[in-house]
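>>> Build the 3D model from these lines:
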Amino acid sequence: MTSQADLSTTELKSRLAALMRQGHADERAFGETLTQEERERAGTVDAWAPKEIIAHLAYWRECEAERAQARAQGEGGPVYDDFLTMNTESFGDLVTHSWERAIERSRQSVETLITTVESLPDAALFGPARPSAEPGVVRLLETIINNGYTHPEQHLAEMSAARGDAAGAAAIQRRLLDAIIALDAGPLVAANARYNLACALAATGPRAEVIALLRQSFADNPRLIAWSRQDSDLDPLRADPEFQALTAEA
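All right, here's what the predicted structure looks like:
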């Protein structure tokens with residue numbers, strides 16, 4: 001007999017799979033807004049082109065699937081702390097991708113990660129991303145959501161902003177937040193999405209909304225407070241008394 005907990009986990013996995021597939025559809029839709037020249041342009045290690053970013057997103061889904069498989073088997077799994085070095089070292093492969101190869105790799109990585117998630121027992125899915133006795137350790141579920149959906153959507157927002165479409169970038173961040181709230185995977189995941197939307201709106205959005213987003217995100221994930229003090233996206237708020245109060249040293 002299936003328990004209510006099993007049903008809840010099954011539903012969460014189903015919603016997460018749908019979200020990751022929607023994320024890939026969003027990548028395809030973004031590609032349709034690009035010219036053929038923009039799709040096939042090659043970037044540099046310091047300034048990636050869209051096709052390399054799409055392949056990069058696939059690369060991190062593949063890494064996440066590898067980590068999840070290891071955790072499901074009770075193993076420590078790979079550690080991705082030095083992600084900046086990994087990004088730099090992976091560029092040599094990413095730059096060889098055509099747009100079509102990148103978007104197909106993205107599709108395959110989504111399906112691989114979904115298959116992996118579906119096979120995960122609760123103990124692995126809701127357990128730490130790596131063995132640790134530290135309080136507040138990041139759960140595997142949270143890194144899967146990040147690399148499976150949040151990270152890709154953030155890059156789509158960044159690419160939109162780079163093309164001069166600030167409104168489109170903010171719309172993507174709003175869509176991301178709505179999707180994460182609907183997923184109902186816990187306050188920590190939603191906190192990060194609220195924080196990112198606040199960053200997207202910091203320069204041009206309603207100040208009251210930005211402050212409200214930050215206040216809620218800090219309440220749900222206090223670790224974001226320290227990061228906000230050095231986050232250049234929030235520079236437009238530095239002189240705001242409410243922002244200063246929110247980020248004051250405890």
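>>> List the contacts of the host helix or strand of residue 210.
Assigned by DSSP states H and E, residue 210 belongs to helix 207-220. The contact list for helix 207-220 (Cβ atoms under 8 Å, 6 or more residues apart in numbering) reads 187-188, 190-192, 194-195, 197-198, 201-202, 224-225, 228, 237, 240, 242-243, 246. For glycine as for every other residue, the C-beta is placed from the backbone atoms N, C-alpha and C.
>>> now do stretch 93-102
For stretch 93-102, the external contacting residues (Cβ under 8 Å, 6+ apart) are 31, 39-40, 42-43, 48, 50-52, 54-56, 58-59, 105.
>>> Return the entry from those residues with the maximum number of neighbours.
residue 54 (30 neighbours; other Cβ atoms under 10 Å).
>>> where does that one fall, helix, sheet strand or coil?
helix (DSSP: H, G, I helix; E, B strand; the rest coil).
>>> neighbours of the residue lying closest to it once chain neighbours are set aside, just the number please.
Spatial nearest neighbour of residue 54, excluding adjacent residues (Cβ to Cβ, 6 or more residues apart in numbering): residue 102 at 4.2 Å. By the criterion of other Cβ under 10 Å, residue 102 has 25 neighbours.
>>> likewise residue 121?
Using other Cβ under 10 Å, residue 121 has 11 neighbouring residues.
>>> Next, work out how far apart it and residue 164 are.
Distance, residue 121 to residue 164, by Cβ to Cβ, to the nearest Å: 46 Å.
>>> do residue 208 as well
Between residue 208 and residue 164 the computed distance is 26 Å (Cβ to Cβ).
>>> Equivalent analysis for residue 105, please.
Per Cβ to Cβ, residue 105 is found 28 Å from residue 164.
>>> Could you do residue 33 as well?
Residue 33 sits 12 Å away from residue 164, taking Cβ to Cβ as the criterion.
>>> Distance from the helix or strand encompassing residue 159 to the middle of the chain?
Element membership for residue 159, per DSSP H and E: helix 151-162. Centroid separation for helix 151-162 versus its chain: 10 Å, with Cα atoms, centre = their mean, to the nearest Å.
>>> What are the buried residues along it?
Judged by neighbour count (16 or more other Cβ atoms under 10 Å), helix 151-162 contains these buried residues: 151, 152, 153, 154, 155, 156, 157, 159, 160, 161.
>>> Now do the helix or strand hosting the residue nearest to residue 54 against helix 151-162: the angle between them, please.
Per DSSP H and E, residue 102 falls inside helix 99-119. Helix 99-119 runs at 150 degrees relative to helix 151-162, counting by axes from the mean of the first three to the mean of the last three Cα atoms, to 10 degrees.
>>> pLDDT on helix 99-119, on average?
Per-residue pLDDT over helix 99-119 has a mean of 97.
>>> what's the following helix or strand after it?
Once helix 99-119 ends, the next helix or strand along the chain (criterion: DSSP H and E) is helix 122-125.
>>> same for the helix or strand just after that next one, what does it pack against?
The C-terminal neighbour of helix 122-125 among helices and strands, as given by DSSP H and E, is helix 140-145. Packing partners of helix 140-145 (3 or more Cβ pairs under 8 Å, 6 or more residues apart in numbering; DSSP states H and E): helix 50-72, helix 122-125, helix 187-201.
>>> Just the CA trace of helix 140-145, in PDB.
Extracted C-alpha coordinates of helix 140-145, given in PDB (Å, rounded to 0.1, in the frame of the first residue of the first chain):
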ATOM      1  CA  LEU A 140      20.400  17.000  -2.700                       C
ATOM      2  CA  LEU A 141      16.900  18.200  -3.700                       C
ATOM      3  CA  GLU A 142      18.100  21.800  -3.600                       C
ATOM      4  CA  THR A 143      21.100  21.200  -5.900                       C
ATOM      5  CA  ILE A 144      18.900  19.300  -8.300                       C
ATOM      6  CA  ILE A 145      16.400  22.100  -8.500                       C
END
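>>> average pLDDT across the longest helix seen in the chain?
In the chain, with assignment by DSSP state H, the single longest helix is helix 4-32. What helix 4-32 shows for mean pLDDT is 88.
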